[in-house]
Structures are given as C-alpha cells and as structure tokens.
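> Here is a sequence together with a model predicted from it:
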Amino acid sequence: MYAVLFTDAGLSPAQISSLFAIWSVTSFALEIPSGVWADVFSRRAMLVAAPAVTGAGFALWTFFPGYPAFAAGFVLWGAGTAAASGTLQALMYEELARLGAADSYAKVSGRQNAVGTTAGMIATALAAPAMAAGGYLLAGLASVAACLAAAALARTLPESRTGSFPEEEDEPQEGYVAVLRSGLGEVRASPRLRHSLILVAAVMGVSALDEYLPLLAVDAGVGTAGVPWVMLMLFATATAGGWLAGRGVRWTAHGLAAAALLLAAGAAWRTPWALALVAVAYGVVEWATAAMEADLQDDLTDRTRATVTSMSGLGAEVFAVLSFATYALGSVWAQPWLLFTVAAGPYLLIAVAAGRVRGGRRRTGPGRASGRPATEPGEACPPG
C-alpha cells in the first residue's frame with residue numbers, strides 16, 4: 001500500500017520515483033559492506049538489526065507522513081534489506097554444516113523461501129480488511145509489529161562462530177579490511193567460484209522480470225479483475241518450487257532449460273490458459289535457484305561467506321537493472337508476449353553454463369564449510 005500512501009500524501013509521480021531510486025541506491029551501496037560486517041562481527045546480530053531498522057522506517061511513514069520521512073524510511077528499509085542479504089544464507093549454511101547437514105542447505109533454503117512467499121500472500125490478503133478497519137495507521141502499526149516480531153525471532157537463531165578472528169579482535173577496522181580483501185581474493189583465485197557467483201546473480205536478476213507478469217496476463221487476454229488470480233497462481237508455483245528444492249539437484253541445468261521452453265511457449269501462446277506454463281516455469285526457476293545457491297555456498301569459506309554471498313546479491317541487482325532497462329527499451333517496439341518469449345533466452349544460456357559448472361564440480365568435488373574453495377585442475381589454491 002505504500003505507493004498509494006505516497007499518492008494520498010500529495011507526492012507527484014516524479015517524487016515517488018525518486019523515493020524508489022533512494023531505496024535502490026541504498027541497498028546497492030550497503031550490500032557488500034553489510035556482508036563484511038556480518039563476517040567480522042555477528043551474523044545473528046545483523047539479522048536482528050535488519051528488520052528492526054526496517055520497522056523504524058515504517059514507523060516514520062506511519063506517524064510522520066511526508067517526503068522527508070518517506071525518504072528516510074526508504075534509506076532504513078534499504079539498509080535493512082542489505083543487512084539481511086547474504087547474512088541469512090551464510091548463517092544458515094554454517095549452522096547446517098556444523099550439524100553435518102550441509103547437503104540439506106538447498107532444501108532448507110527453498111522451504112524458507114516458500115514459507116516467506118506464503119506469508120507474503122497472507123499479508124497481502126489481510127491488507128484489504130486492515131485498511132478498511134483502521135486505514136494507514138493500522139496497516140503501519142501491523143507492519144512495524146511484524147518487523148519487531150522478525151527481530152525477536154532472529155534473536156533465537158543459533159550462531160556457533162564468534163564472528164571475529166583472534167588476530168583481529170583488538171583491531172576491528174583492520175579485521176573488516178582483511179575480510180573484505182580475503183573475500184575478493186577468493187573470488188579472483190577460483191574460476192569456479194566466480195562462475196557460480198555470476199550464475200546465481202544472473203538467474204536472480206533475470207527473474208526480476210516477474211514484475212511485468214501482470215502486463216503479460218493482460219496481453220494474453222486476462223481481464224484486469226483476473227490479474228490477481230494469475231499472480232496467485234504464480235505465487236503458488238513459486239512456493240511449490242521452493243518446497244521441492246533440494247530434490248533432483250543433478251537435473252538443475254535440465255530444469256532451467258525446461259523452464260526456458262515453458263516460458264517461451266506460455267508467453268507466445270497468448271491465451272489465459274497458457275499462463276499456467278509460465279507459472280510452472282517460474283516454479284522450476286525457484287527450485288533451480290535454490291540448488292545453484294547451495295553450489296555457491298559449498299565453494300565458500302566460513303571467514304568470508306556473508307561477504308561473497310553479498311557480492312552475488314549485488315550482482316543480482318545489476319542484472320535486474322539490466323533486465324528492467326532491456327524490457328523498457330524493447331517495449332517501444334514489442335508487446336509483452338514477445339518480450340517474455342525473448343526473455344527465455346537468458347535462462348537457456350544460464351542452463352548451459354550451470355551444466356558446465358556442475359560437470360566440473362563432479363570431477364573435482366565441492367568445497368566445504370570452513371574450508372578453502374575447491375579448485376580447478378592446475379589452479380593455485382586461493383588464500384585462506
């Protein structure tokens with residue numbers, strides 16, 4: 001409801017667009033620094049702070065509606081998003097590894113995403129009665145309460161590591177720089193790690209085109225009133241894909257290729273029923289993304305896990321911006337069905353690249369938690 005809140009507060013479209021720009025720039029600028037801080041100090045503390053900071057932004061919107069408060073709120077929301085990005089994956093993987101269950105990362109991560117998608121659907125459904133009962137005040141208070149509840153839950157997460165390293169405990173700033181350099185060094189030294197990082201960023205960035213799926217639905221003949229039902233179907237398949245994550249991971253590349261074909265066919269068919277193919281495609285992408293993220297985590301070390309994972313998040317933002325720009329440019333000449341048909345191409349390329357990386361992984365074996373990334377034949381071992 002925040003876009004409507006901004007409009008009702010008297011903001012112009014240009015002002016609203018500037019707010020979204022502030023949001024994006026903040027997340028972009030803090031993505032890697034927040035990951036380094038999580039590695040140097042405490043990942044759990046970052047996950048506690050992330051929703052608390054976001055909730056503070058929502059409180060500003062609720063009690064001080066106006067452009068300055070909206071801008072400050074987006075800065076806080078962007079900071080909260082960056083603080084959690086990479087940090088949650090790092091904490092999840094390391095704690096599973098310490099239980100001897102690192103191979104379950106894709107399953108746990110996928111189910112976590114599935115629960116999050118379901119919660120988002122429930123929250124969206126509750127927004128209408130909440131607005132009817134208490135307007136923006138009730139919606140804002142509920143949003144703040146949800147953030148505080150998330151912070152309290154994050155406080156209960158296990159964290160076995162101390163976050164800093166013995167030789168750096170007395171000099172946290174040097175520790176920050178050392179971890180950042182170590183993370184960059186690992187990425188430079190391991191071609192396979194670079195490939196995994198780029199693939200995860202690419203698949204997540206290209207998937208950002210789902211923001212335009214309502215336009216595809218309308219182009220396929222779905223009336224405006226039917227668009228929410230189409231989006232509900234897409235949410236359902238994404239949830240199913242997340243819930244099935246961790247199964248059949250050896251077929252990840254084949255699954256992505258199948259998703260590309262389903263997306264192209266569903267978009268080109270241009271009928272409401274064909275959107276079911278598009279929905280299945282995005283469900284498969286959700287499933288495949290979890291497996292690719294697990295491969296990336298396998299190749300990371302505990303020392304820089306959140307740092308390098310945040311690099312993939314930063315890359316995803318870059319690919320998302322490129323996807324949005326490509327769609328905007330293409331929309332001048334082409335209709336949504338053609339743009340989504342063409343968008344299947346990157347998924348095919350990612351599928352081919354993922355197949356090659358996974359093939360190399362079978363030959364050399366995966367890296368493991370708290371160890372050095374596995375290396376390619378003839379490759380120098382990266383600094384530890």
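Structure received.

> gap between stretch 46-61 and the chain center?
With C-alpha atoms, centre = their mean, to the nearest Å as the basis, stretch 46-61 stands 18 Å off its chain's centre.

> can you tell me the average pLDDT over that stretch?
If you average the pLDDT over stretch 46-61, you get 96.

> quick one: Gly221 and Pro272 touch, right?
Yes: here Gly221 reaches Pro272: they are 5.4 Å apart, a contact under C-beta atoms under 8 Å. Glycine gets a C-beta too; all of them are placed from N, C-alpha and C.

> any shared contact partners between these two?
Between them, Gly221 and Pro272 share no contacting residue under C-beta atoms under 8 Å, 6 or more residues apart in numbering.

> all helices for the protein, in order.
2-8, 13-40, 43-63, 67-84, 87-98, 105-155, 172-189, 191-206, 213-219, 227-243, 252-269, 275-298, 305-330, 336-364 (DSSP state H).

> Among those, which comes closest to Arg161?
helix 87-98 (6.6 Å; C-beta to C-beta).

> just how off-centre is the closest one within its chain?
That offset, for helix 87-98, works out to 16 Å (C-alpha atoms, centre = their mean).

> in it, what's buried?
Buried residues in helix 87-98, defined by neighbour count with 16 or more other C-beta atoms under 10 Å: 87-97.

> same deal with stretch 4-17?
Quick answer for stretch 4-17 (16+ other C-beta under 10 Å): 5-6, 9, 11, 16.

> export it as CSV, just CAs?
The C-alpha trace of stretch 4-17 is given here as CSV (Å, rounded to 0.1, in the frame of the first residue of the first chain):
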residue,chain,number,x,y,z
VAL,A,4,-1.0,4.6,-2.5
LEU,A,5,0.1,6.2,0.8
PHE,A,6,2.6,8.4,-1.1
THR,A,7,0.0,9.5,-3.6
ASP,A,8,-2.5,10.3,-0.8
ALA,A,9,0.2,12.3,0.9
GLY,A,10,0.3,14.5,-2.1
LEU,A,11,3.5,13.3,-3.7
SER,A,12,3.9,13.6,-7.5
PRO,A,13,4.9,10.6,-9.7
ALA,A,14,8.4,12.2,-10.0
GLN,A,15,8.8,12.4,-6.2
ILE,A,16,7.6,8.8,-5.8
SER,A,17,10.1,7.7,-8.5
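
> Give me the residues contacting it.
3, 19, 61, 65-67, 70, 136.

> Report the buried members of those.
For the contacts of stretch 4-17, buried by 16+ other C-beta under 10 Å: 19, 61, 65, 67, 70, 136.

> check contacts around the fifth one.
In this case it means Phe70. 6, 9, 11, 19, 60-61.

> And the furthest pair within the residues you listed?
The distance between the two most remote of the contacts of Phe70 (C-beta to C-beta) is 14.7 Å, for Leu11 and Leu60.

> Roughly how far does the nearest residue to Gly246 once chain neighbours are set aside sit from Leu329?
Nearest non-adjacent residue to Gly246, counting by C-beta to C-beta, 6 or more residues apart in numbering: Lys107, 2.9 Å away. Shown here: Lys107 relative to Leu329, a distance of 39 Å by C-beta to C-beta, to the nearest Å.

> These two - which one has more neighbours?
Counted by other C-beta atoms under 10 Å, Lys107 and Leu329 do not tie: Lys107 has more neighbours, with 21 against 11.

> That one reaches Val249, doesn't it?
No: shown here, Lys107 and Val249 do not form a contact pair, counting by C-beta under 8 Å, at 9.5 Å.

> In contact with Phe28, which residues?
314, 317.

> Equivalent analysis for the one 4 residues further on, please.
Taking C-beta under 8 Å, 6+ apart as the definition of contact, the neighbours of Ile32 are 180, 307, 310-311, 314.

> among these, who's most crowded?
Of all the contacts of Ile32, the highest neighbour tally under other C-beta under 10 Å goes to Thr307, namely 31 neighbours.

> Tell me the pLDDT of Thr239.
Looking at Thr239, its pLDDT is 90.

> Identify the residues contacting it.
Contacts of Thr239 by C-beta under 8 Å, 6+ apart are 114, 117-118.

> can you do 10 Å?
110-111, 113-118, 120-121, 283, 286 (C-beta atoms under 10 Å, 6 or more residues apart in numbering).

> And the pLDDT at Gly360?
60.

> wait, I meant Ala82
91.

> Could you pull up the residues touching the closest residue to it other than its chain neighbours?
Nearest non-adjacent residue to Ala82, counting by C-beta to C-beta, 6+ apart: Leu30, 3.8 Å away. Taking C-beta under 10 Å, 6+ apart, we find Leu30 in contact with 37, 75, 78-83, 85, 310, 314.
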